[in-house]
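Asker: Quick check, what structure comes out for this input:
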Amino acid sequence: LSLIQQLPNHSKGELSEEQLLNINPSPSKTIEEKGKETATIHSLMKREGTRQHLLVYWIYAFLMITLDEIFPLYCISKTSGLGITEKIIGNILSGTGLFY
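Answerer: Numbers count the residues shown, from 1 in each chain. Just a heads-up that it's a prediction; the model follows:
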């Protein structure tokens, strides 16, 4: 049976607004009925756990990017670093990439 055949009081194929809403409720009405709100950046940032996880991730990402940029400079420096060539630095970074 189709949806229209299941509905009572359908004369001449016309449906009332109430019957149409029951067939295809709007998404916002469905969300309101369940008591949930749509997730926005503002609503997510209100949660303390979300803020803490993001802060830890940002600190970790900053440290990793800093290390990736500073390590080759330290290796290549002849005065206060290791003074090794670019090829050896590339081998070191490739080896650590395979290891980790």
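
Asker: hang on, Glu37 packs against Leu44?
Answerer: No: judged on CB atoms under 8 Å, Glu37 makes no contact with Leu44 at a distance of 11.2 Å. C-beta coordinates here come from the backbone N, C-alpha and C atoms, glycine included.

Asker: which phi and psi does Ala39 have?
Answerer: phi -80, psi 130 (degrees, to the nearest 10).

Asker: roughly how far apart are it and Trp58?
Answerer: Applying CB to CB, to the nearest Å, the value for Ala39 to Trp58 is 20 Å.

Asker: Asn91 now?
Answerer: Distance, Asn91 to Trp58, by CB to CB: 31 Å.

Asker: what's the answer for Lys78, then?
Answerer: For Lys78 relative to Trp58 (CB to CB), the value is 34 Å.

Asker: any idea of the mean pLDDT for the helix or strand Gly97 falls within?
Answerer: Gly97 is located in helix 86-99, with elements delineated by DSSP states H and E. The average pLDDT for helix 86-99 rounds to 92.

Asker: Extract the C-alpha trace of that helix and format it as CSV.
Answerer: Extracted in CSV, the C-alpha atoms of helix 86-99 (Å, rounded to 0.1, in the frame of the first residue of the first chain):
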residue,chain,number,x,y,z
GLU,A,86,72.3,17.0,3.6
LYS,A,87,72.5,13.4,2.3
ILE,A,88,73.2,12.1,5.8
ILE,A,89,70.4,14.2,7.3
GLY,A,90,68.1,12.8,4.6
ASN,A,91,69.1,9.3,5.5
ILE,A,92,68.5,10.0,9.2
LEU,A,93,65.0,11.4,8.5
SER,A,94,64.2,8.5,6.2
GLY,A,95,65.3,6.0,8.8
THR,A,96,63.2,7.6,11.5
GLY,A,97,60.2,7.7,9.1
LEU,A,98,60.5,3.9,8.7
PHE,A,99,61.0,3.3,12.4
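
Asker: in that helix, what counts as buried?
Answerer: Ile89 (16 or more other CB atoms under 10 Å).

Asker: what helices or strands is the biggest helix by length in the chain leaning on?
Answerer: The residue-count maximum for a helix in the chain (DSSP state H) belongs to helix 48-76. Contact analysis of helix 48-76 by 3 or more CB pairs under 8 Å, 6 or more residues apart in numbering; DSSP states H and E lists helix 86-99 as its packing neighbours.
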